[in-house]
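Engineer: Give me coordinates for this.
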Amino acid sequence: MNLNTIKSDFPVFAQYPELAYLDNSATTQKPKAVLDAVLQYYRAENANPLRGLYDLSVRATEVYENARIAVQKFIGAASEREIIFTRNATESLNLIVYSWGRTNLHADDEILVLISEHHSNLLPWQNLSRETGAKLRFLECDEFGAYTPESLRNALTPRTKIFAAAQISNIFGRLNPISEFAEICHKNGTVIVCDGAQSVPHIPVDVQALGVDFLACSGHKMLAPMGIGVLYGKEELLAQMPPFLYGGEMIEYVTRESATYAELPHKFEAGTVNAAGAAGLHAAIDYIRSIGFDAITAREAALTKLAFDAVKEIPHVRIIGAETADEHHGILTFTVDGVHPHDIAAVFDSDNIAIRAGHHCAQPLHKFLGVPSTARMSIAFYNDEQDIERFINTLKSIRRRMGYDR
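Structural biologist: Just a heads-up that it's a prediction; the model follows:
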């Protein structure tokens, strides 16, 4: 990979040449190819997809549906009917809860969630538990963020209807054994929901090989525009689920008293869709494919190790999670003795380095770990050694600049 060429593909770095952007778990920057695809849609293809018989609407429909096929192939779904476009991973997870969950869960059932889950894969289940009376339970990890198949096997009961787990944790960066989890769940009659927000942009994901029933991801974390997300669901499950939203385009026929709904996937895509966002997502997938996951994973692993090894040598800094770099997948969450994470982030910002601070939408995990909040740096393949060097130099200076170690 020619890193100078890669960074030049992202206009933000020309706009802010001093920026070291290390908040990629929150959202990624957008390459020119993605921005061009969105602009091209609005310049030359803008019409309401799926609704018009005139040429421009047909072209808009083709853009939208071609993006769906690109997603299907990118994550290995069996059919484009299994790909639902949403606003983001959060909406995708809420769709599962409201449509599948409300239909299938009852007072005697159980919901099992990893303690490390992002609030987007916790709060909808928490609310469903209140509504239905189903019991919400948590599978707890060890201090390094590890879950074992055996721990899941022991936690499941005949009443566990749903198990929700991220493929890669946004705190630990650890890759969970989702395919083993799926096999265990299915033997127990349990549906497995996978949050792929942190995995789909960084590693090859094949939903059929994983065996998951549902998977959610967000476009904005994988170089695409904000406002476009994906829900994958097995066709037999989606076919049984009622619509999530009601209105235009998700119907076949409407009378005063009733309606019949459109076939998959349009049953779940009411109203005017985000066709420009879908075009941007398609362009992002093409861009990722042009680089290749072999290069992406190798680059991100090398930068993770470079950062991890250096951070381990800095006194008063604690990395949250595993003690080896290869378990962090581009994410280093950390604390600095005596310095609040918000102050850590402010010092980094003064050096034009963007990192995250707070609870990272994982407050139950922070409470479980006994850490109120943390700082987090997260890597993408367009980062380089200079970004890591600047990060390390600032991290070494934090306590001195906050009045310690003078």
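
Engineer: Ala89: neighbouring residues, count only.
Structural biologist: 27 (other C-beta atoms under 10 Å). Any C-beta I mention is one placed from the backbone N, CA and C, and that applies to glycine too.

Engineer: how much space is there between it and Ala197?
Structural biologist: Using C-beta to C-beta, to the nearest Å, Ala89 is found at 4 Å from Ala197.

Engineer: Give the intersection of the neighbour lists for these two.
Structural biologist: 120, 216-218, 221 (C-beta atoms under 8 Å, 6 or more residues apart in numbering).

Engineer: With neighbour count as extra columns, can I get these in a markdown table?
Structural biologist: Shown next, in a markdown table, are the shared contacts of Ala89 and Ala197 (neighbours: other C-beta atoms under 10 Å):
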| residue | neighbour count |
| --- | --- |
| Ser120 | 21 |
| Ala216 | 30 |
| Cys217 | 27 |
| Ser218 | 29 |
| Lys221 | 26 |
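
Engineer: What is the nearest of those to Ala276?
Structural biologist: Ser218 (16.1 Å; C-beta to C-beta).

Engineer: Now do that closest one against Gln15, distance only.
Structural biologist: Applying C-beta to C-beta to Ser218 and Gln15 gives a distance of 23 Å.

Engineer: re the thing from before, tell me which entries of the shared contacts of Ala89 and Ala197 lie within strands.
Structural biologist: 216-218 (DSSP state E).

Engineer: could you redo these as JSON lines and give each row distance to Asp351 and pLDDT?
Structural biologist: Shown next, in JSON lines, are these (distance: C-beta to C-beta, whole Å; pLDDT from 0 to 100):
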{"residue": "Ala216", "distance to Asp351": "35", "pLDDT": "98"}
{"residue": "Cys217", "distance to Asp351": "32", "pLDDT": "98"}
{"residue": "Ser218", "distance to Asp351": "28", "pLDDT": "98"}
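
Engineer: Using JSON lines, please lay out the residues you listed together with distance to Asp294.
Structural biologist: Formatted as JSON lines, those follow (distance: C-beta to C-beta, whole Å):
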{"residue": "Ala216", "distance to Asp294": "25"}
{"residue": "Cys217", "distance to Asp294": "20"}
{"residue": "Ser218", "distance to Asp294": "24"}
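
Engineer: can you give me the helices in the stretch 101-250 of the chain?
Structural biologist: 102-104, 123-132, 149-155, 178-187, 207-210, 235-240 (DSSP state H, counting those that start in this stretch).

Engineer: closest one to Gly403 among those?
Structural biologist: Of all the helices of the stretch 101-250 of the chain, helix 123-132 comes closest under C-beta to C-beta, at 38.1 Å.

Engineer: Show me the contact partners of the closest one.
Structural biologist: By C-beta under 8 Å, 6+ apart, helix 123-132 touches 93-94, 96-98, 101-102, 105-107, 109, 111, 113, 134-136, 162, 164.

Engineer: List the buried residues of it.
Structural biologist: Neighbour-count burial for helix 123-132 flags 123-125, 128-129, 132 (criterion: 16 or more other C-beta atoms under 10 Å).

Engineer: dump the residue contacts of Lys221.
Structural biologist: So Lys221 contacts 24-28, 89, 197-198, 200-201 (C-beta under 8 Å, 6+ apart).

Engineer: if we go to 10 Å?
Structural biologist: With contacts defined as C-beta atoms under 10 Å, 6 or more residues apart in numbering, Lys221 is in contact with 24-28, 88-89, 170, 196-202, 229, 378, 380.
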